[in-house]
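> Sequence plus predicted model, see below.
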Amino acid sequence: MILIAGGTVLSSCAWVGGCGFDDNTYAQLRRGMTNDEVAQLTGCRGMTTSPPDGKPKDSRYRAWSGPRGPVAVEFVNDRVESWRVTGARI
């Protein structure tokens, strides 16, 4: 278990087989988390990906593997702003 600021307890295990989200860690993702906190949660930093509008890859968007498909996370000022499961290739 990992304890972060605000007293949130995060699971220390991520997606089976390496890094990424599983059902438990996906449920723990919160707006305002830092990239470091998401990396602790998932076990890795994720990969730069394209925004939902299909424009070229953008450093504000990072993606991780997940059991229901890739999870795209948008960071604004280095904090989680939004996220969603996408059908897009990472």
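Here it is on my side, so go on.

> now residue 23: how far from residue 80?
The gap separating residue 23 from residue 80 is 18 Å, by C-beta to C-beta, to the nearest Å. Placement of C-beta: from N, CA and C, glycine included.

> The two - which one has more neighbours?
More crowded of residue 23 and residue 80, by other C-beta atoms under 10 Å: residue 80, with 19 against 10.

> Excluding covalently adjacent residues, which one is nearest to that one?
residue 33 (4.6 Å; C-beta to C-beta, 6 or more residues apart in numbering).

> The one you found touches residue 76, doesn't it?
No - the pair residue 33 and residue 76 does not pass the contact test of C-beta atoms under 8 Å, sitting 11.9 Å apart.

> These two: which is more packed in?
More neighbours surround residue 33 than the other of residue 33 and residue 76, with 24 against 10 (other C-beta under 10 Å).

> just checking, residue 31 touches residue 81?
Yes - between residue 31 and residue 81 there is a contact at 6.6 Å, judged by C-beta under 8 Å.

> what residue ranges in the chain score low on pLDDT?
Within the chain, the segments meeting pLDDT under 70 span 1-18, 87-90.

> Run through the neighbouring helices and strands of the longest helix along it.
In terms of residue count, the longest helix belonging to the chain (DSSP state H) is helix 35-42. When contacts are defined as 3 or more C-beta pairs under 8 Å, 6 or more residues apart in numbering; DSSP states H and E, helix 35-42 sits against strand 2-4, strand 8-10, helix 23-28, strand 58-64.

> Now do the next helix or strand after that helix: distance to the chain's middle.
Moving toward the C-terminus from helix 35-42, the next helix or strand (DSSP states H and E) is strand 47-49. On the basis of C-alpha atoms, centre = their mean, to the nearest Å, strand 47-49 is displaced by 10 Å from the centre of the chain it belongs to.

> Equivalent analysis for stretch 69-77, please.
For stretch 69-77, the distance to the chain centre is 6 Å (C-alpha atoms, centre = their mean).
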